[in-house]
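1. Sharing a model that was predicted from the sequence below.
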Amino acid sequence: MPHAPRDTSIRAARGDDFEAVTALLEKLGRAKVTDATREDCRAIFRQQGVDPNVHHMVAVNAEGEIVGFCSLHLAWIPDLYVRETARREGIGLAFLHEVERRAAARGCGAITLESGYQRAEAHHLYRRFGMRDAGRYFTKHLEPDESPTARS
C-alpha cells in the first residue's frame with residue numbers, strides 16, 4: 001500500500017477488530033459502547049463490513065496492535081483517528097492516500113470529512129494533504145428522553 005509508514009500496515013478491518021475500533025472511536029468522541037448497546041453496535045459494524053459502499057480500514061503497528069481507524073463511506077470520511085502514541089508517523093496520511101485511491105477508483109469527484117474545531121493537529125494534516133476547510137457543521141446531542149418520539 002503506498003505511503004504507509006515503516007513498521008505499520010493498513011488493512012481492511014475485520015469482525016475481530018470490533019473492540020479495538022470501538023476503543024479508538026470512543027477516544028474520538030463517539031458514544032461509549034455499553035453492555036446494553038454492544039450487540040447492536042457489533043451488528044452495525046458487521047453490516048458495514050459487507051456494504052460495498054463502506055470501507056473500514058485499520059492501521060496495525062509492528063506489535064500487531066491496532067493504532068488507527070478510518071471509515072470511508074463512498075467519498076465521505078465520518079471517522080479517522082490515530083492513537084496519540086502513533087501520531088506523526090504518517091498513518092493519517094497513509095489513510096488519506098488510500099481513501100483517495102479508493103474514491104478515485106469509484107469515480108468520485110471529491111473526498112469530504114468532518115472534524116471538530118479542537119483537532120488542530122488533524123486540520124494541519126488535512127491541509128497538507130490538499131484539503132480545504134469548506135464549511136461548518138452543527139450538532140445537538142439528545143438524551144434518550146429528549147427524542148421527538150419520547151415527547152409525543
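-> Thanks, I have it. Numbering: from 1, shown residues only.

2. sec struct for the residue nearest the centre of the chain, please.
-> Nearest to the mean C-alpha position of the chain, counting by CA atoms, centre = their mean, stands residue 79 at 2.4 Å. In three-state terms, and counting by DSSP: H, G, I helix; E, B strand; the rest coil, residue 79 is strand.

3. Pull up the gap between it and residue 107, please.
-> Residue 79 sits at a distance of 23 Å from residue 107 (criterion: CB to CB, to the nearest Å). Every residue, glycine included, has its C-beta placed from N, CA and C.

4. again, but for residue 140
-> 34 Å.

5. One more: residue 139?
-> Distance check for residue 139 against residue 107: by CB to CB, it reads 30 Å.

6. Likewise for residue 47?
-> Distance of residue 47 to residue 107, computed by CB to CB: 24 Å.

7. and those two? which has more neighbours close in?
-> Neighbours were counted for residue 47 and for residue 107 using other CB atoms under 10 Å; residue 47 has more, 10 against 7.

8. Three-state assignment for that one, please.
-> helix.

9. residues contacting it?
-> For residue 47, no contacting residues are found, by CB atoms under 8 Å, 6 or more residues apart in numbering.

10. secondary structure element for residue 68?
-> Assessed by DSSP states H and E, residue 68 sits inside strand 66-73.

11. Which helix runs longest in this structure?
-> Looking across the chain with DSSP state H, the single longest helix is helix 91-105.

12. Let me see the mean pLDDT of the very next helix or strand once past that one.
-> Proceeding N to C from helix 91-105, the next assigned helix or strand is strand 112-113, under DSSP H and E. When pLDDT is averaged over strand 112-113, the result is 92.

13. Next: stretch 84-100.
-> Averaging pLDDT along stretch 84-100 yields 94.

14. Please apply the same query to stretch 58-78.
-> 93.

15. Show residues contacting stretch 129-143.
-> Counting by CB under 8 Å, 6+ apart, stretch 129-143 makes contact with 93, 96, 111, 112, 113, 114, 123, 127, all of which sit outside it.

16. Many thanks, have a good one.
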